[in-house]
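Q: sharing a model prediction with you, sequence too.
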Amino acid sequence: MNSSFQKSTEKKLAQIKSSFEEDNKLSYEVFQQMPIGICITDSDGYFTDVNLTYCDIYGYSKDELIGKPFTTVVPDEYRDMLVKLHEEFLEKEYELQGRWTVQNKQNQQFEIISNAAFLYDEETNVKKKMTLVVKAKELELTIDRLKTTIDILENKIKTQDIANEMVDHDMRNRVASMVSIATILSKTELDKQQAKWVTMLKNIGNDTIKLLTSANDFAKMERGEYQPDVSTFDLIALIANETSELKDLIMEKEADFSLIHDGKVCEPGTDEFMIKGDEFYLQHLFQNLLRNALEASPDKETIGISIDYDQIFTVKISNKGVIPKSVRNNFFEKYATSGKDTGTGLGTYISKMIAEIHGGSLSFLTSEEEGTTLTLKLPSDIVST
């Protein structure tokens, strides 16, 4: 086996490892059916899960491995070294990959190529180690099997996408018909109350069409396939529009928004700040973050929005509320929510994806003394000069 092929295989294992690191909720069925060996060990080095291929490689059943130390498959002469590497890996979180000598149930020794990844238990926040394993002498066969598995999964995703698109297309057409009818009605003689309801119907219909379109786009964002629809627009006007949409909640809480750019109060309609990005989804991002900040803020307080542009483009949204400790570690993860009866836990998750498709990031600081500040950072070239 030549060294270039081994390096290529190690690179493929690293890519697969990254997929698991980025999505700890990756389908359990995929985990079990992967044609590469996968094991999960706790911080003490004991097996907590193994897939079928891992069992086949070593000749053990799943029950024979769960609860046993990973050194069960390591020859005596290499155990101390690999235990030390395991401990260092969990402590320092460096890349651990390479070629190792192991043994099967019959004590027959052979070589593997492996790559290790970190996993975190979401409930206990306990660190675990996931190791991907390929028999060194079966590299080419394993890669062929892996390609076949990936092709099957990709075809399944494409089939699901086509089915979803057909349903979405049909629903969009029906909703669009309702919007058209509302538009026709709006041009007839209506009293004030009727005009209000027709306008509401049009707005709800248009929002529903956008949501149907967004569902597919969010799935593409998760897979890293979405390409932003870039245009140039006024960020100050966009933020002002989103805050005006919250006027009922603002009145209810007797709250207010303050928009600052480079230390000066902004006047929508007079001041402008042009940026380049996917306007529809950046609007969605600010819609989520501004509503969350307003809902989390105590009554009669001001929510601060600051825009700064230096080496990087930064927007900070601050309020006096505090993020509960129970969701701080997974605040940007899917379905993370606390204390909101109607919360889905998707708002901040989607907002983070939108920031990332623009090459940016979303983070927060929260404390009892200072409240909460969410920080959106985007590349400097997003600013239109």
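A: Perfect, thanks for sending it.
Q: just the helices in the stretch 1-150 of the chain please.
A: Remark: helices assigned in the stretch 1-150 of the chain by DSSP state H, counting those that start in this stretch are 3-22, 28-33, 52-58, 62-65, 76-92, 139-186.
Q: residues of the third one that come out buried?
A: Of the residues in helix 52-58, those buried under the neighbour-count criterion (16 or more other CB atoms under 10 Å) are 53, 54, 55, 57, 58. For the C-beta atoms, the positions are set from N, CA and C on the backbone; glycine is no exception.
Q: what pLDDT does the last one get?
A: With respect to pLDDT, residue 58 has a value of 94.
Q: the second one too?
A: On the pLDDT scale, residue 54 is placed at 91.
Q: before we move on, the earlier item: of the buried residues of helix 52-58, closest to residue 89?
A: residue 54 (18.2 Å; CB to CB).
Q: now that closest one: how far from residue 132?
A: According to CB to CB, to the nearest Å, residue 54 and residue 132 sit 9 Å apart.
Q: quick one: mean pLDDT for the longest strand along the chain?
A: Of all the segments of type strand in the chain, defined by DSSP state E, the longest one is strand 109-120. Confidence over strand 109-120 (mean pLDDT, whole number) is 80.
Q: ditto for stretch 224-238
A: 90.
Q: chain center to it, what's the gap?
A: 19 Å (CA atoms, centre = their mean, to the nearest Å).
Q: quick one on the thing from earlier: between residue 54 and residue 132, what contacts are shared?
A: Counting by CB atoms under 8 Å, 6 or more residues apart in numbering, the contacts common to residue 54 and residue 132 are 37, 38.
Q: which stretches of the stretch 251-385 of the chain form helices?
A: When assigned using DSSP H, counting those that start in this stretch, the helices of the stretch 251-385 of the chain occupy the ranges 279-296, 325-328, 347-357.
Q: where does pLDDT dip in the chain?
A: Counting by pLDDT under 70, the chain contains low-confidence residues at 1-33, 93-96, 120-125, 139-181, 203-204, 206-213, 335-345, 385.
Q: domain parsing for it?
A: Domain assignment of the chain by automatic domain parsing yields the ranges 3-148, 150-222, 230-382.
Q: so how far is residue 132 from residue 286?
A: Applying CB to CB, the value for residue 286 to residue 132 is 40 Å.
Q: ugh, typo on my part, it should be residue 356
A: Distance of residue 356 to residue 132, computed by CB to CB: 25 Å.
Q: neighbours of the spatially closest residue to residue 292 that is not a sequence neighbour, how many?
A: Spatial nearest neighbour of residue 292, chain neighbours left out: residue 347 (6.1 Å); criterion: CB to CB, 6 or more residues apart in numbering. Residues lying near residue 347 (other CB atoms under 10 Å) number 19.
Q: alright, calling it a day.
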